[in-house]
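Chemist: Below are the sequence and a predicted model for it; my questions follow.
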Amino acid sequence: MKPKALQLTCALSLEAAEEPANGKPMLPRFRMIAYSGGVMRVAAWRYPVIVDLAGLAIPSQNRPIRFGHDATLGVGHTDVIRVEGGQLVAAGVVSRDTQIAREVVQSSRNGFPWQASIGAAVEEAEFLKPDQKAVVNGQEVTGPLNIVRKATLGEISFVDLGADNKTSASVAATAKETDIAMDPEDQTTETQSAQTPNPAQAATPPAPASAATAPQPAANPTASVPGTVPAASAAEHQPTPKPSPVEAMRAEAAAEATRIAGIRRLCKGDQTEIEAQAIREGWDLTRCELEILRVSRPKAPTVHTAPPSNGVSASMLEAACALTARLDDAEKFYDESDLDAASKRFRGGIGLQELLMEVAWANGYTGRNFRDSREVLRFAFCRGIQAGFSSIDVGGILSNVANKFLLDGFYSVERTWRNICAVRNVTDFKTVTSYRLTGKDQYELVAPGGELKHGTLGEEKYSNKADTYGLMLAIDRRDVINDDLGALTAAPRRSGRGSGLKLNDVFWKTFLDNGAFFTAGNKNYLTGADTALGIDGLTKAEVAFMEQVDTDGKPIGIMPSVVLVPPALSAIATQLNKSLELRDTNTNTRYPVANPHQGKFRTEVSRYLSNSKFPGNSGKAWYLLADANDLPVIEVAFLNGQESPTIETAEADFNVLGIQLRGYHDFGVALQDARGGVKAKGEA
């Protein structure tokens, strides 16, 4: 797996370069203690972090110096990086001719206190348990904390804010003025001691990371920790005696020539790839010899095995959960390849413990059973808890699976409300007002000359607002220990059903609270024995609807389309909609009568209309409504157009053992235009 980058920052102070002398430009050089070797608090790590400098690989002495970890904003490069006195020391030159390089120098000349941030890639990390002790970088540390045992140094960047203000660095015009050159032999020794013995790890270039700000290094414990010494104490770390720059260059060239000759002698012309890589990346002779021995070992025959225990993907685990819980139409949600892989790998179905273990293994958990359930949950819910592993977000898996069953429960309850209302998309929880324009909006005859007359529009206001409804559920420790995957599916189903019931509850309470909406004054409320649902009653309601007028007294021009009835009137409403004729054989023995309303209106039935828990209920009252897209009598507003509820999962709080689920739904309901419907009392 590709190692993740870590950024740690240190304070930096600068002194701008002097003017050129003798016609030759004198570029500013710098020296800094990039990491003091101590314990730090690093963002995204639950416990403090310390980097073991003995395992810090330095791929080469020339590492880029950038601004804000941006590869396009170059500042310079290092030419010396070494570990001394339990600290990481770097020196180099501001060599880039870029605007940002000039700004760094000029700003330092103005006294701006620049700081530094170092990026590296983690290859191996160790967790020190509470009260355990270890010696790292010459100092004793006590857990709980994370020890980065192996990492590869990447680049160093200038930033304007670091994590450790006790550290510093100095920049001067030339090496002669600052005496920062290091002894080449010392450099070789220190560099070798910082290399990791694994050539593959050392050869892996660390991925650049985004700029870190005050204590906010990146998401993995790694190679760069704030730290440098004050400028006054930097001189104490100068090597003694100090060779001249020319002597240092000669010694370095001689050492490099000796190294290259030794590498070629070891490779004997047979290992050309290793020879080229060793020369290019600055390997020492010991490392080169080990790599030659490694590739020279006899290779075992190829064996095809099953994937490793953590060779799974998030989508495959989701598919396994869906298949185990028998989710309807799982093919609609998951690729065939994921379903096939899940069915082969988890033939008997996947349990809740097995799901959590698979994710924990993918995130670096090394245990082989569920005995330590809290540790399994910690790894399963903490992404990137250990470097070098491809982490899977169990929270995302649980949420995605739970949402499938949430919708299953949500759609299992009555949804008549959706067939008679208008739907509005709102972006926040504030009251929103809509205007229906009426008035003299008819076209006028255009007079000779082509001048158009201005119409006048009146405004009718209708408002609505969304609110949040939600509920917290939990899969407790007993469900986890009992390996009950059903808890993961049953709880969301209940949550989805609860959301659907709540929406119905709010909708029908609003709809039935219509005493001031359907009134004789609004000419949309009919009473009397002749309003019972039948041919005569429906005809009377249709006439009343058709006679609705706008504010100017003109017909609204909207046709009725829906008959809304309680369950007791469902049969007669269906007859009126589908039967060609209705036979009435009473004592007067009436003859067959043709049904004038056949196929004219759509029938909708709701049990809420006659439920005694809702004020305004009636088993005889019924409604004739316009299509909600033309003239709605009621409207439902959803936040950001999300008509279905959402469920999220997370590891429970410290005082709760298990997994928490929270479901929530953002919506609001309000009556709209009274002319969009007619209510018939259905009795005297």
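Modeler: Thanks, I have it.
Chemist: So residue 579 is in contact with residue 600, correct?
Modeler: No: applying C-beta atoms under 8 Å as the test, residue 579 and residue 600 come out as separate, 11.9 Å apart. Any C-beta I mention is one placed from the backbone N, CA and C, and that applies to glycine too.
Chemist: Identify each buried residue in stretch 250-262, please.
Modeler: 251, 252, 259 (16 or more other C-beta atoms under 10 Å).
Chemist: how close does the second one sit to residue 288?
Modeler: To residue 288, residue 252 is 19 Å away according to C-beta to C-beta, to the nearest Å.
Chemist: what do you get for the first one?
Modeler: For residue 251, the distance to residue 288 under the criterion C-beta to C-beta works out to 21 Å.
Chemist: Now residue 133: closest residue in space, sequence neighbours ignored.
Modeler: residue 142 (5.3 Å; C-beta to C-beta, 6 or more residues apart in numbering).
Chemist: Need phi/psi at that neighbour.
Modeler: Reported as degrees, to the nearest 10, the phi and psi values for residue 142 are phi -120, psi 130.
Chemist: Need the nearest residue in space to residue 356, chain neighbours excluded.
Modeler: Spatial nearest neighbour of residue 356, excluding adjacent residues (C-beta to C-beta, 6+ apart): residue 380 at 4.8 Å.
Chemist: Can you get me a residue count around that neighbour?
Modeler: A total of 28 residues lie near residue 380 under the criterion other C-beta atoms under 10 Å.
Chemist: Residue 117 - that's part of a strand, no?
Modeler: Yes: under DSSP: H, G, I helix; E, B strand; the rest coil, residue 117 sits within a strand.
Chemist: so it sits right up against residue 160, yeah?
Modeler: No: look at residue 117 against residue 160 with C-beta under 8 Å: they stay out of range, at 10.1 Å.
Chemist: If you count surrounding residues, which of the two has more?
Modeler: residue 117 (32 against 14).
Chemist: List the contacts of the residue nearest to residue 133.
Modeler: 128, 131, 132, 133 (C-beta atoms under 8 Å, 6 or more residues apart in numbering).
Chemist: which residues are contacting the strand or helix carrying residue 572?
Modeler: Element membership for residue 572, per DSSP states H and E: helix 570-578. Here helix 570-578 makes contact (C-beta under 8 Å, 6+ apart) with 533-535, 538, 563, 565, 582, 595, 597-603, 605, 622.
Chemist: By mean pLDDT, point me to the weakest helix or strand of this structure.
Modeler: Counting by mean pLDDT, DSSP states H and E, the weakest-scoring helix or strand in the chain turns out to be helix 184-194, with a mean of 33.
Chemist: got the buried residues for stretch 513-524?
Modeler: Under the neighbour-count criterion of 16+ other C-beta under 10 Å, stretch 513-524 has 514, 517, 518, 523, 524 buried.
Chemist: Endpoint to endpoint, it covers what distance?
Modeler: Taking C-alpha to C-alpha, to the nearest Å, stretch 513-524 runs 15 Å from one end to the other.
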